[in-house]
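In: sequence and predicted structure, then a few things I'm wondering about:
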Amino acid sequence: MQRIGVFVCHCGTNIAGTVDVKAVAEALKFEPGVVVSTDYQYMCSQAGQEMIKEAIIENKLTGIVVCSCSPRMHEATFRKTAAAAGLNPYMVEIANIREQCSWVHKDIPTGTEKAIILGKAAIAKVNLNAPLTPGESPVTKRALVIGGGIAGIQTALDIADAGFPVDIVETKPTIGGKMAQLDKTFPTLDCAACILTPKMVDVATNDKIRIFSYSEVSEVNGFVGNFDVTIKRRARYVKEDICTGCGLCTEKCPQKKVPNEFNLNMDNRRAIYIPFAQAVPKVATIDPESCTMLKTGKCGVCSKVCTVGAIDYNAKDEFITEKYGAIVVATGFNPISMDKFDEYAYSQSKDVITSLELERLMNAAGPTGGTLLRPSDGEHPHTIVFVQCVGSRCDSCAEKGKEYCSKICCMYTAKHAMLIRDKYPDTDVYVFYIDVRTPGKNFDEFYRRAVEEYGVHYIKGMVGKVSPEGGKLKVRASDLIDGKQLNIDADLVVLAAAIEPDKSARPLATMLTASMDTNDFFTEAHPKLRPVESPTAGVYLSGTCQGPKDIPETVSQAGAAASMVIALLCKDKLTGNPCVAHSDEMMCNGCSTCEKVCPYGAITYIDKEFRMPDRTTKVRRVAQVNEAVCQGCGACTVACMSGAMDLKGFTNKQIFAEVDAICK
Amino acid sequence: MQMNEYKPLIVAFCCNWCSYAGADLAGNNRLSYPADVKIIRVPCSCRVNPMFILRAFQKGADGVIICGCHPGDCHYTSGNYYTRRRMALLFSMLEFLGIERERTRVEWVSAAEGAKFAETMNDFAETVAALGENKRLEDLRCKK
Amino acid sequence: MQEITRDVLVNKASELMSAGTVDRVLGWMRGEFDYDITPAVFSTEEELKNNFVWNDFCGANFSKYLIRETQKSENKVLVFLKPCDTYSFNQLLTEHRFDREKVYAVGIPCNGMVDMTEIKKANEAIKAIEESGDSIVVKTLYDGDVTLDRADVLLERCKNCKSKKHVAYDELIGDDGEIIESARFDEVAKLEKMTADERYAFWQNELSRCIRCNACRDICPACTCEKCVFDNPNSGVENKAPADSFEEKMFHIIRAFHVAGRCTDCGECSRVCPQGIPLHLLNRKFISDINEFYGEYQAGSEVGNRAPIVNYTTEDLEPGEAVGRGGIDA
C-alpha cells in the first residue's frame, strides 16, 4: 500500500476563486492510501515546495498528488521537489484543477466537486505508480553521413569542425553529387565548381573526415548513440592509397566507348576512369562491366602504364563495420526518367534534353567544352524551348509523374534562359510554364531580370507535343493568356524534369527504420519544429532526401543537421524517457503485431528459453523493447491483444483506475 | 439551475502534446465548458485502448471522447492514424450493437485550438445530455 | 458426403508415417456419438486404421492445434486442412505462432460440414446418423429413419462458404477449388438495416445467453494468446465469469476487436457456442467494415500480410464518418 500525500494549491485566487480548496483537501483525506492531505497558497513557491519535502520525509510518503495547475506547467517542478526529498520523481501525479477546472467552471460547488473527482483519479493512479528510472546509454562519438553531395559535404564539414570524426559513404567514385555537374548557380550565377570544389578539397584534407567512396551502407543495427553500421566498399580494382590520380591509365585504356555517366552519357569515357578533374578522392576506378581485362583476362594496359603499381585486378568487395553515435541521411535526388513523357519526343530526338543535360552542355568541362551545341549535329541552336513541370505537379497523372512541385526548376530555367541570352543574343528562348514560383531571397528579382532585361519569352501554357521534322523540332503549344495555339520550330527543347529521391533511399530507410512518405522522401520528426530529425532517434536528414530543395536551403539544412548531431555527440551519456513500453515476456505471443505499429523500430524479437512448471524448457519468440529508442507513444500497447505490452507511467491498470475513479 | 437536472458524465482522453495542451489553452482563455467533462491525460491518442472506453461506459459514463493531434501532426508521427482506424472500427461496432453513435466521438484538437476544445466539449456534452443516461452499456449492478 | 473417402486419407497418412516424413497425424476421431467428432493426434498406423474419421461432422479447424503440437517434438506432424482451415494456417504463420518446418500440410477438398444443432432441432433421441450422397439419414428412437437434405443442415459458415481454394499446403488431395463470391455478409447487412433499438434488442437477447464458457475463445485460431487478457489478473479486465450484466458484452466486443484484421472468418466460434449465439456476426461486421473502409482484405490469404488495423493511410476516413456507413441509417 502506498503512503500518499495530497497537496492542494490555491494558486492565489486562480484556483481558490472557484474551488473550495479546503473542502477538496478534506474530501481527499479519506481516499485509499492517503495519509496526509493539505492545502497551501502557492505550492510551486519555495515555501510550498519546502512544505511538500517536509511532508514526504515526515510521513514517509511513497507518492504524492499535487492538485494544482497543468502538469505541462509544473510537473517537472514537483518531480524535482520529490527527488530532493528522496522520493522517486515518477511517484508524482498532478491533478489539473486550474486550467481544466477552476478557470473553466464558474461556481464554487461545481468547481469543487470536479476538483475532488480529478484529485481522486490522480490518487487512484498514484496508488499504482511504480518508481521509474530513466535508462542511460553511452554515445559513440563518431558520425556517419550517407551521401557525399553538397548536403553530405556540408554536414560532414560542420560536424568535423566541432571536433568529431565523421565518415562519408558515397556510392559514386567521387563525392560532389549533383552540384558537381552544374554549370552556374542561381541567383548569383557563380560557377558551381568554383564554390563546390574547394569544399571537396576541405573534406579530403580534413583529418576528422574519412571518405568511403564507391561504397554503400549494407546493414544498420543498434540505436541512437550506438549504431553498428556495415559498409560495403565495392572493388574499384585500383588501390586507393597508392593511386596518385595522374590519369595516365585513363588516357591509355583501349576501351574508349563507355558512355560517360558524369556527362549524362553525352560523350564517352574509358573503362578505367576518373569522373572529373577535381574528383575527390582523385583516384581511378575500373568499371568491371566494360573492362576487357576483367571480362576476358586479356589486356592489362592500365597495369602496364601505372608507374606506382596501383592496379589490382583481383580486388574484391570489402565489408567494414564501424560504430556511430549519429547517422545523417543525405542521399539526394535524381531527375525522373523521361520514358513516360514521349509526347516531348525525348527518346526520338537527341535535341530534346533534360535541364541537367543542358547543364553539362553549357559547362566548360562538359562534352562540348562549354559551347552550347545541338547534340544531333553540333550546330548552334537558334530557337530554344523550355518546358516546365515535366512530371512535377502531375495531379491527374500521378502514375506518370509526381504530385509535388520540384521547387528548383523555375529558378534554374530562368538561369539557363538568361545565360543563353547573354552568351548567344541571337537565340530566341521560350519558356512554357504553369506558374512561375520564385519565393526566396533575390529569386523573383532574378526571374524578372530574365524577362525584362534578357528578353526571354515566358508563355503561360502547356506544350502539347514535340515532333522532330526535317532537322527541327515542331513544338505545338497553347498560350493560355492570349488563348492561342502556338507552333514553334525549335532547334533544342529542354525539359525541366521533376526530381525524385535517389533509389537507394527506400532500402536505406528500411535499414534505419526511418519513415518515408509515399514519394519516398524521408519524413521529419515534426514538419515544423523538428525538420532535420527523422522520427528515429539519432537519424538526421540533410538535403533533398527530405524534400525538393535548392542549394542554399540544402546547405542550411545540412548545417542544422550537423548542429543536431553535434548536440548529441557532445553528450557522454543519453538519458532516456522512463515512460516507455515494456513487454511482459510471459504474456508475449511473439506475433509481431506491435512491431508493425512502432514508428521507431524500437521492438525486436528474440527466441527465449522458458522453464516450464514441469521442468521442461520451451523456446518462445518474445518481443523486446529498446528503451533507448522507444518514445513512449503507446501504439504497441493497444495493438497487443494479450496485454503483454504496457506503457510505464501510463499502464493499463493506471488508466483503468483513473476511469473508475472518474466514473464512480 | 435545478438541483435534479440530469448531467451527463463525460470522459475525455486527451493526448499530451496537442489536445491536453488545447484544453489548457481553453483554461488560459477562460472558455467554459461543462464540468461534466473529465479529462484523462494519455501520451498519444493511440494509447487509448478500446477497453478503456468500454470500461468507462460500464462504470456509468454517458459519453466518451478521444482527442488527439490533427492527422499529420502527431508528436509520434503516426499514432493518431492508428487511432483513426481503431476508433472507426470500434465505433462502427458499437453502433452495430445498437449503442447510440452520438456517445462516442474522436476530435482532432491542436495545442492552439483552445476555442475548438471548449466548443467541442460544449457540443458533445449537449449531444450526450440530449440522449439521456447511458443504459445500454452501463452495468446497473455497479451503480448504487 | 465428402468427395474424398476416409480410406484415401488414412492411406496417405500411413504412407507419410511409414516413409518417416511425419511421426504424428492431426486428424478426427469419433467422440461419444457418431456425430460427435473430436480432434485427435494419431501416432501409429494402427490407431489411424481403427479410429481415424472423415465425414460430414469433421468441422474442427486444426490450425490452432499446431502451436502446441509443433512444440512437442522436433519431428514433423501431418495436418489435414480443409480450404477454410488454410487461411487460419497462414494467419498463424504470419504471427510466427508455429514453425512451418515442423508441419506437413495436406490440403483436402471439403463439401461443407453439417451442423448438428440444426439436426437436433428437428429430431429427438438420435441413435445414429448415416450419410448418403446429398442426404443425411437420421436414425431416431421414436420416429424411425428421418431423411434430411444435406444442403439444409450445413453449418452457416459452409452455406456461405467463402473459398474452396487452399491457400497453403505441401500436398493436395483432389482438385483445388475457387474463391467463392459468397453471401456471408448478408446477415450483417440485414442487421445494419434495423433501427438501433432493434439491433440493441437483438444483441441483448443473443449476448445475455452467454455463459462465459470461453469455448469461442478457446477454439478460435486467432485467439492464441499465451494468456488471455480476460484471464490475466494484471490486465485490469480479468474476469472469468460475468460478474455484472455488461461483462459478457465487453468480453465479446473486445474479443472481436482483438481478432479484427486477423479473423479469417472460419466460423469456429459460432460452431462451438453451446448457446447458439451467432458470434461470427461480430467478426464479420469488422471484416465487412475493413473491406469497405480500407479495401478488400482477407486475413490469411498470404503469409506476411499486414492487417489494415495495424496500417494506415493519411487519407483514411474519420471515425465520425465510419458510423452510419454500411447500411446503417442516421
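Out: That came in fine, so what should we check first? Numbering: from 1, shown residues only, chains lettered A, B, ... in the order given.
In: which pLDDT value belongs to the residue most central in space within chain C?
Out: In chain C, the residue lying closest to the centroid (C-alpha atoms, centre = their mean) is C:Glu268, at 2.9 Å. The pLDDT attached to C:Glu268 in the predicted structure is 93.
In: quick one: strands adjacent to the helix or strand hosting B:Ile66?
Out: With secondary structure defined by DSSP states H and E, B:Ile66 is part of strand B:63-68. Using DSSP bridges, the strands paired with strand B:63-68 are strand B:10-15 (parallel), strand B:104-108 (parallel).
In: looking at those, which one is packed in the most?
Out: Ranked by average neighbour count under the criterion mean count of other C-beta atoms under 10 Å in any protein chain shown, the strands paired with strand B:63-68 are headed by strand B:10-15 at a mean of 28. Yep, even glycine has a C-beta here, placed from its N, CA and C like the rest.
In: now the helix or strand just after that strand - C-alpha only, CSV.
Out: Counting by DSSP H and E, the next helix or strand C-terminal to strand B:10-15 is helix B:19-28. Presented in CSV, the C-alpha positions along helix B:19-28 are these (Å, rounded to 0.1, in the frame of the first residue of the first chain):
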residue,chain,number,x,y,z
SER,B,19,-5.3,18.2,-27.1
TYR,B,20,-4.4,18.3,-23.5
ALA,B,21,-2.5,21.5,-24.3
GLY,B,22,-5.6,22.7,-26.2
ALA,B,23,-7.6,22.0,-23.0
ASP,B,24,-5.1,24.0,-21.0
LEU,B,25,-5.4,26.8,-23.5
ALA,B,26,-9.2,26.8,-23.2
GLY,B,27,-8.5,27.3,-19.5
ASN,B,28,-6.0,30.1,-20.0
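In: any part of helix B:19-28 near chain C?
Out: No: for helix B:19-28, no contact with chain C is found by C-beta under 8 Å from any C-beta of the partner chain; the gap never falls below 14.7 Å.
In: and whichever strand or helix holds C:Met29, what does it pack onto?
Out: With elements taken from DSSP H and E, the one containing C:Met29 is strand C:24-30. Secondary structure elements in contact with strand C:24-30, counted by 3 or more C-beta pairs under 8 Å, 6 or more residues apart in numbering or on different chains; DSSP states H and E, are helix C:6-18, strand C:37-42, helix C:45-51, strand C:52-53, helix C:65-72, strand C:77-81.
In: return the most buried member of those.
Out: The highest mean neighbour count among these belongs to strand C:77-81 (a mean of 24), with neighbours defined as mean count of other C-beta under 10 Å.
In: not counting sequence-adjacent ones, nearest residue to A:Gly176?
Out: If you skip the residues right next to it in sequence, A:Gly176 has A:Met200 as its closest partner in space, 5.8 Å away by C-beta to C-beta, 6 or more residues apart in numbering or on different chains.
In: I'd say that neighbour and A:Gln278 touch.
Out: Yes: with contact defined as C-beta atoms under 8 Å, A:Met200 counts as touching A:Gln278 (6.6 Å).
In: would you mind naming what in the stretch 101-250 of chain C lies close to chain A?
Out: When proximity is defined by C-beta under 8 Å from any C-beta, the stretch 101-250 of chain C lies next to chain A at C:Thr224, C:Cys225, C:Glu226, C:Lys227, C:Cys228, C:Val229, C:Asn232, C:Asn234, C:Ser235, C:Gly236, C:Val237.
In: ok, which pair from the residues you listed is furthest apart?
Out: Farthest apart among these by C-beta to C-beta are C:Thr224 and C:Gly236. That separation is 21.3 Å.
In: for residue 78, give me the pLDDT.
Out: I'll assume chain A. 97.
In: wait, chain C
Out: At C:Leu78 the predicted local distance difference test score is 96.
In: could you do B:Asp139 as well?
Out: The predicted local confidence for B:Asp139 comes out at a pLDDT of 60.
In: still on that earlier bit, CSV please, covering the strands paired with strand B:63-68 and showing distance to B:Pro34 and mean pLDDT.
Out: Putting those into CSV (distance: least, C-beta to C-beta, whole Å; pLDDT from 0 to 100) gives the following:
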stretch, distance to B:Pro34, mean pLDDT
strand B:10-15, 8, 97
strand B:104-108, 15, 96
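In: break chain A down into its structural domains.
Out: Following automatic domain parsing, one gets these domains for chain A: A:4-126, A:143-332+A:501-569, A:336-500, A:581-648.
In: do the first one and chain C meet?
Out: No: between domain A:4-126 and chain C, judged by C-beta under 8 Å from any C-beta, nothing touches; the nearest distance is 11.8 Å.
In: what about that domain, near chain B?
Out: Yes: Domain A:4-126 comes into contact with chain B when judged by C-beta under 8 Å from any C-beta, the residues involved being A:70-73, A:96, A:98-101, A:103-106, A:110-111, A:113-114, A:117-118, A:121.
In: for stretch A:567-579, same thing?
Out: Yes: remark: stretch A:567-579 sits within contact range of chain B at A:Cys579, by C-beta under 8 Å from any C-beta.
In: which outside residues touch that stretch?
Out: Surrounding stretch A:567-579, the residues in contact under the criterion C-beta atoms under 8 Å, 6 or more residues apart in numbering or on different chains are A:90, A:132-139, A:141-143, A:159, A:162, A:164, A:224-225, A:325-326, A:538, A:627-628, A:630-632, A:647-650, B:43.
In: try it again at 7 Å.
Out: Residues lying outside stretch A:567-579 but in contact with it, judged by C-beta atoms under 7 Å, 6 or more residues apart in numbering or on different chains, are A:90, A:132-139, A:141, A:143, A:164, A:224-225, A:325-326, A:538, A:627-628, A:631-632, A:647-650.
In: so what's the gap between it and the chain middle?
Out: Stretch A:567-579 has its C-alpha centroid displaced from the chain centroid by 20 Å (C-alpha atoms, centre = their mean, to the nearest Å).
In: thinking again about what came up before, against C:Pro39, how distant is the residue nearest to the centre of chain C?
Out: Shown here: C:Glu268 relative to C:Pro39, a distance of 11 Å by C-beta to C-beta, to the nearest Å.
In: between A:Met200 and A:Gln278, tell me which one has more neighbours.
Out: A:Met200 (25 against 17; other C-beta atoms under 10 Å in any protein chain shown).
In: what sits against the closest residue to chain B within chain C?
Out: Sorted by distance to chain B under C-beta to the nearest C-beta, the residues of chain C start with C:Tyr200, at 2.6 Å. Taking C-beta under 7 Å, 6+ apart as the criterion, C:Tyr200 is in contact with B:Leu97, B:Gly98, B:Arg136.
In: return the entry from the residues you listed with the maximum number of neighbours.
Out: Counting neighbours by other C-beta under 10 Å, B:Leu97 leads these with 22 neighbours.
In: near chain B, which residues of chain A?
Out: Contacts of chain A with chain B, taken as C-beta under 7 Å from any C-beta of the partner chain, map to A:70-72, A:98-100, A:103-106, A:110, A:114, A:117-118, A:515, A:523, A:535, A:597, A:599, A:631-635, A:637-638, A:647, A:650, A:652, A:655-656, A:658-660, A:662-663.
In: in ChimeraX, how would I select the buried members of these?
Out: Typed into ChimeraX, the next command selects the buried ones out of the residues of chain A next to chain B (criterion: 16 or more other C-beta atoms under 10 Å in any protein chain shown):
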select /A:70,71,72,98,99,100,103,104,105,110,114,117,118,515,523,535,597,599,631,632,633,634,635,637,638,647,650,652,655,656,658,659,660,662,663
